[in-house]
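>>> Give me a 3D structure for the following:
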Amino acid sequence: MNRNIILSALLSLTIIFISCNEDDNSEPDFIIGEWQPFLAFGEGEFFEFSDCQKQGTLIFENNGVCSGSTYLETVNANNEIECSLIDSGTGTWTNLGENTYEISVDTITEMITIHKIHTDTIRFQPDEDNYAELIRLSN
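All right, here's what the predicted structure looks like:
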């Protein structure tokens, strides 16, 4: 599988399967904020996102709403490489506990594992073999 396809698929999963809903705890959920992709692991290899792909973001709001965008290098009609928005979406999220989140966009609902690596890094893991790490841009 092409490296760009793997990276795009991992990042798209982070956008497509997003669902946002705050717990009743007084402390906000660690995923709340704006996040940027920087590293992925898939098919046994690590990949760093390109500068273009790093324009994509995930935003988890404390009111249960989240949104995201995915960018990818494409070749235009003049055979020049340009950075293009390839996907965006808005949904809701619910923290089910033990790092498991229910993410819903349109009619798609998925369970995703999100780990806090440290204060400004999370690992978005759609399955045991693949993940993307994101860094915090803002709270």
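>>> Would it be right to say that residue 96 lies in a strand?
Yes. Counting by DSSP: H, G, I helix; E, B strand; the rest coil, residue 96 is part of a strand.
>>> So what sits opposite the residue lying closest to it once chain neighbours are set aside in the bridge?
Setting aside the residues directly before and after it, residue 96 is nearest to residue 102 in space (Cβ to Cβ, 6 or more residues apart in numbering), at 5.7 Å. Every C-beta, even on glycine, is put in place using the N, C-alpha and C of the backbone. Beta bridges link residue 102 to residue 94, residue 111, judged by DSSP bridges.
>>> how deep is residue 102 tucked in, by neighbour count?
By other Cβ atoms under 10 Å, the residues close to residue 102 number 18.
>>> quick one: contacts for it?
Neighbouring residues of residue 102 by Cβ atoms under 8 Å, 6 or more residues apart in numbering: 19, 93, 94, 96, 109, 110, 111.
>>> Distance of it relative to residue 112?
Separation of residue 102 from residue 112 (Cβ to Cβ, to the nearest Å) stands at 8 Å.
>>> same check, this time on residue 124
7 Å.
>>> These two: which has the busier surroundings?
It is residue 124, of residue 124 and residue 112, that has more neighbours when counted by other Cβ under 10 Å, with 26 against 20.
>>> Now do the same for the more buried one: helix, strand or coil?
strand.
>>> What of residue 77?
Put simply, residue 77 is coil when judged by three-state DSSP.
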